[in-house]
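Trainee: show me how the following folds:
(chains A and B)
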Amino acid sequence: MKGFILSFRSEFYKTRKTLGFWGAIILPVLISLLAFVAVYTKSDKFVNTPPMMLWVQLSMISLGSMGSLLLPIYTIFVAYSVNNVEHKADTWKTLFSLPLSRWAVYGAKYFYALFLLFLCLALFVIFNIAFGNLLGALKPELKFGEYHMELELVQVYYKLFLSALGILSIQFLLSLLWADFLKPMGLGFVATITGVILASNNWEYSYLFPYAHPMGAVRSMIKNNKGPANHLEINIYTHEVYVSLIVAVVVFVAGYYIVQRRSIK
Amino acid sequence: MVIQTNGLSFSFGDQQVVKSLSLEVPAGSIYGFLGPNGAGKTTTIKMLLNLLKTGEGSIHIFDKELNSNRIGILKQIGSLIEQPAIYHHLTGKENLMNRAMLLQVKEQRVDDMLKLVQLTAAAGKKAGQYSLGMKQRLGIALALLNDPKLLILDEPTNGLDPNGIIEIRELMLRIVKEGKTVFVSSHLLSEVEKMATHVGIINHGKMMFQGTIGDLQNINQPQVYIETDNTVDAANLLKRHNLEVSEIANDHLLIPFTSKQQISEMNALLVQNGITVFGINKQHKDLERLFLDITTNRN
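Mentor: Predicted coordinates:
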């Protein structure tokens, strides 16, 4: 466990000055800012919108883009960047000749990628709420203060996080095994596009394909209950999320056995 | 023995690159692991570090089996394999700090290592901007960070200028004085003969020679060096008189030495046949030539 913690800290130390790390912060800042500017500049159009719909419209700008393409692509990028640090510096051989178990090195790297993904999505929630309240303060005619959906936002992004874990495990393993940029990225992009097509066409088995999970997760987030119209209920544990979690665990464990047995060039 | 391998073999696909290798590296030695490029040196080193899984045979380091004592053994080893593995986006010091974090070594040790390899002044510079020599020195600092009992260096002087080579040689001698063991690979005998106490020569994955540097000199056969005005005629003449000529060059001949009597007879023979002899004397082959003989003739 000590080796794992040491390796995890080292992952942060190594990447803290790279785009791999800063991407987790820049992406939510940029997208949330964009959503803020979009609503702010068109505020007159939203004057008569009910508070709940205001929040939904603001949130859907980030959620829509993340749910369709950005989240899978960001996940592919994170998986690539944490492994690329070692490929680029040719440091796998030194990393695996240190007195650390192979599990500690592999596990810490994976969980660091997982942490970056979590950080990115957590910042989306925070900026979404912050910018919503800022809009309410700057433009009092927009009644952002009259509705609260913090819990729902946390739930939705938590669902998105879970739905991206399948992709993370697959891409992590691909990026670990392949030193070049094109193979894991190319494969990931093609799979993502396929996933988007499958999910947007409502193919009934799209929940079985990991790259369709983020989009499927957004589409299945609203519970179809007959509650009052001013209340949203988020359905977190849908098919996509379960399949994503199963894929994530299976590929992560399989990856460990591959690393354990593999020779380091 | 610090390193002992038995019947160590390794194959890439169906190509066997290390064949039944039995290394014996005694404690406190500087062991020069020699062989031409592609002889299997790096593959062997990677097996010693548990990076490549051994096909057949066993590896014992500090008298413990490697696979079952991996972490305990690796704690006491410092290594530099091929080009130094350095994060180019971090400074020299950050590279060392990162490793120090993993090895739980204090920052003071990092500063000491920077001083040792004379990188204190460049510590704050991005390692990507280092010259090849500086990178190599940083690699050595990284290898020494955990104060290892066994230092494994793979071609540490590759790409270094003569000054750098001398510095590294002195560093190794200093380390061994502290009671440590150095295992250093090279494709040049001249590079290690001045400091190595033991030598292993490998070619095509097979051990061709292993022993002390003295043993290596002992198998070195003396030769008679003859310089004449016409080496070709001289060589033909000697051959006609049933003498073996081991080398014909533009300006000299080499004949295996048997006795002093033989030297005077050859001299007389050449002079009587009208060949001017400029010089004739007994010589030992230098080790470099011996190394070439071992690695080219005995395949």
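Trainee: I'd like to know which elements the helix or strand containing residue A:38 is packed against.
Mentor: With secondary structure defined by DSSP states H and E, residue A:38 is part of helix A:19-41. Other elements packing on helix A:19-41 under the criterion 3 or more Cβ pairs under 8 Å, 6 or more residues apart in numbering or on different chains; DSSP states H and E are helix A:51-65, helix A:71-89, helix A:102-138. (C-beta placed from N, C-alpha, C; glycine too.)
Trainee: you'd agree residue B:250 is in a helix?
Mentor: No. Judged by DSSP: H, G, I helix; E, B strand; the rest coil, residue B:250 forms no part of a helix; its state is coil.
Trainee: burial count for it?
Mentor: Residue B:250 is surrounded by 6 other residues when neighbours are defined as other Cβ atoms under 10 Å in any protein chain shown.
Trainee: and the closest residue to it other than its chain neighbours, how far from chain A?
Mentor: Among residues not flanking residue B:250 along the chain, residue B:231 sits closest, at 6.7 Å (Cβ to Cβ, 6 or more residues apart in numbering or on different chains). Distance of residue B:231 to chain A, given as Cβ to the nearest Cβ, to the nearest Å: 49 Å.
Trainee: do you know how far residue B:231 is from residue B:254?
Mentor: When distance is defined by Cβ to Cβ, to the nearest Å, residue B:231 is 11 Å away from residue B:254.
Trainee: quick one on the thing from earlier: list the contacts for the residue nearest to residue B:250?
Mentor: Contacts of residue B:231 were listed using Cβ atoms under 8 Å, 6 or more residues apart in numbering or on different chains, and they are B:248, B:249, B:250, B:251, B:252, B:253.
Trainee: from residue B:242, how far off is it?
Mentor: 19 Å.
Trainee: how about residue B:41?
Mentor: Note on residue B:41: its distance to residue B:242, by Cβ to Cβ, is 42 Å.
Trainee: please say which of the two ends up with more neighbours.
Mentor: A side-by-side neighbour count of residue B:41 and residue B:242, using other Cβ under 10 Å, places residue B:41 first with 22 against 6.
Trainee: and chain B, which residues reach chain A?
Mentor: Proximity of chain B to chain A is confined to B:46, B:49-53, B:71-72, B:74-75, B:77, B:79, B:81-83, B:85-90, B:94, B:97-99, B:101-104, B:142, B:146 under the rule Cβ under 8 Å from any Cβ of the partner chain.
Trainee: show me those residues that map onto strands.
Mentor: In this view, these that belong to strands under DSSP state E are B:77, B:79.
Trainee: just the buried residues of the residues of chain B next to chain A.
Mentor: The neighbour-count test (16 or more other Cβ atoms under 10 Å in any protein chain shown) marks B:46, B:49-52, B:74, B:77, B:79, B:81, B:83, B:85-87, B:89-90, B:94, B:97-99, B:101-103, B:142, B:146 as buried among the residues of chain B next to chain A.
Trainee: among the residues you listed, which are in helices?
Mentor: With helices defined by DSSP state H, the entries of these inside them are B:46, B:74, B:94, B:97, B:98, B:99, B:101, B:102, B:103, B:142.
Trainee: contact partners of stretch B:65-82?
Mentor: Stretch B:65-82 is contacted from outside by A:90, A:93-94, A:97-101, B:42, B:45-46, B:48-51, B:54, B:58-62, B:64, B:136, B:139-140, B:142-146, B:148-156, using Cβ under 8 Å, 6+ apart.
Trainee: typo on my end, it should be stretch B:6-23
Mentor: Outside stretch B:6-23, the residues that touch it by Cβ under 8 Å, 6+ apart are B:3-5, B:33, B:40, B:43-44, B:47, B:52, B:54-60, B:200, B:202, B:204-207, B:210.
Trainee: for it, measure first residue to last.
Mentor: 7 Å (Cα to Cα, to the nearest Å).
Trainee: can you report how many residues lie near residue B:196?
Mentor: Counted with other Cβ under 10 Å, the burial measure for residue B:196 works out to 23 neighbours.
Trainee: ramachandran coordinates for it?
Mentor: phi -70, psi 140 (degrees, to the nearest 10).
Trainee: same list (the ones in helices among the buried ones among the residues of chain B next to chain A) but as a markdown table, adding pLDDT.
Mentor: Rendered in a markdown table, the data for those read as follows (pLDDT from 0 to 100):
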| residue | pLDDT |
| --- | --- |
| B:46 | 93 |
| B:74 | 95 |
| B:94 | 96 |
| B:97 | 96 |
| B:98 | 96 |
| B:99 | 95 |
| B:101 | 95 |
| B:102 | 95 |
| B:103 | 95 |
| B:142 | 94 |
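Trainee: just the contacts of stretch B:6-23: which are in strands?
Mentor: Per DSSP E, strands hold the following members of the contacts of stretch B:6-23: B:3-5, B:33, B:56-60, B:200, B:202, B:206-207, B:210.
Trainee: filter those down to the buried ones, ChimeraX style.
Mentor: What follows is the ChimeraX syntax selecting those of the ones in strands among the contacts of stretch B:6-23 that are buried according to 16+ other Cβ under 10 Å:
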select /B:3,4,5,33,57,59,60,200,202,206,207,210
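Trainee: name the residues of stretch A:206-223 that are buried.
Mentor: For stretch A:206-223, a neighbour-count test (16+ other Cβ under 10 Å) marks A:206-207, A:209-221 as buried.
Trainee: from those, which land in helices?
Mentor: A:213, A:214, A:215, A:216, A:217, A:218, A:219.
Trainee: so which of these reach chain B?
Mentor: Checking those against chain B by Cβ under 8 Å from any Cβ, not one of them is in range.
Trainee: confirm that residue A:148 sits in a helix.
Mentor: No. Residue A:148 sits outside any helix when classified using three-state DSSP, being coil.
Trainee: quick one: it from residue A:32, how far?
Mentor: Between residue A:148 and residue A:32 the distance is 18 Å, computed by Cβ to Cβ.
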